[in-house]
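Engineer: Got a predicted model here, sequence first, then my questions.
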Amino acid sequence: MKIGILSDTHGNILSTTKCVYVFRDSKVGAVFHCGDIGSFEVLCLLCKLNVPVHAVLGNVDQFSNDWKYAPRPKELQLHGRFADISLESRRIALLHSDDRAARDQAILSGEFDFVFTGHTHERHDYTVGATRCINPGTAGRGAPNTCVVLDMSDGKLTSYEC
């Protein structure tokens, strides 16, 4: 299965739409948003892919009560500030990573196969022990804006400008 990962959209609808096209063309089976979503419309766009959408709140999102009252498309799982997700027999931690202690704990625990983060607006892909740490960069305030597609079957990570 291929999965789409993006972060830090900050309400940028044009860039999010481009990410949706990338994910559709890549035939992803799930999408992960690592926080600083910026608007509920961003999540609604991602849900148009008709695949599970997992999202966490970032430091920009956490102070808004709008998330509590927004309608929930059936594809959307809005997890709060941290998510522990099992997919394809792998365990994924999803968080924004502005909480460095939570990020470091997830990485160093050895309990997760993947830790997906955002916040820094910088792409990275590295491994600590058996845990692969991926930050897709920013899909809303970057030069360029980026998202990534991870092929869970072979581990190939492909970055796209959006």
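Structural biologist: Arrived safely. Numbering: from 1, shown residues only.
Engineer: Any idea which helix or strand in the chain has the lowest mean pLDDT?
Structural biologist: Least confident helix or strand of the chain, by mean pLDDT, DSSP states H and E, is helix 66-69 with a mean of 72.
Engineer: what sits up against that one?
Structural biologist: 40, 57, 61, 78 (C-beta atoms under 8 Å, 6 or more residues apart in numbering). In short, each C-beta sits where N, CA and C put it, glycine included.
Engineer: need these in CSV with distance to residue 155 and secondary structure, can you?
Structural biologist: Formatted as CSV, those follow (distance: C-beta to C-beta, whole Å; DSSP: H, G, I helix; E, B strand; the rest coil):
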residue, distance to residue 155, secondary structure
40, 32, helix
57, 28, coil
61, 30, coil
78, 28, strand
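Engineer: so which pair among those is furthest apart in space?
Structural biologist: Pairwise distances across the contacts of helix 66-69 (C-beta to C-beta) peak at 11.6 Å, for the pair 40 and 57.
Engineer: The longest helix belonging to the chain - what's its average pLDDT?
Structural biologist: Taking DSSP state H as the criterion, the chain has its longest helix at helix 13-25. Across helix 13-25, the average pLDDT comes to 98.
Engineer: now stretch 40-52
Structural biologist: 95.
Engineer: Could you list the residues in contact with it?
Structural biologist: Taking C-beta under 8 Å, 6+ apart as the rule, stretch 40-52 contacts 4, 9, 11-13, 16-17, 19-20, 23-24, 28-31, 33, 37, 53, 55, 66-67, 70, 73, 75-78.
Engineer: re the thing from before, how far away from the center of its chain is the least confident helix or strand of the chain?
Structural biologist: A distance of 19 Å separates the C-alpha centroid of helix 66-69 from that of its chain, computed with C-alpha atoms, centre = their mean, to the nearest Å.
Engineer: Tell me which helix or strand residue 134 sits in.
Structural biologist: strand 131-136 (DSSP states H and E).
Engineer: For that strand, name the packing helices and strands.
Structural biologist: Packing partners of strand 131-136 (3 or more C-beta pairs under 8 Å, 6 or more residues apart in numbering; DSSP states H and E): strand 2-6, helix 100-108, strand 114-116, strand 123-128, strand 146-151.
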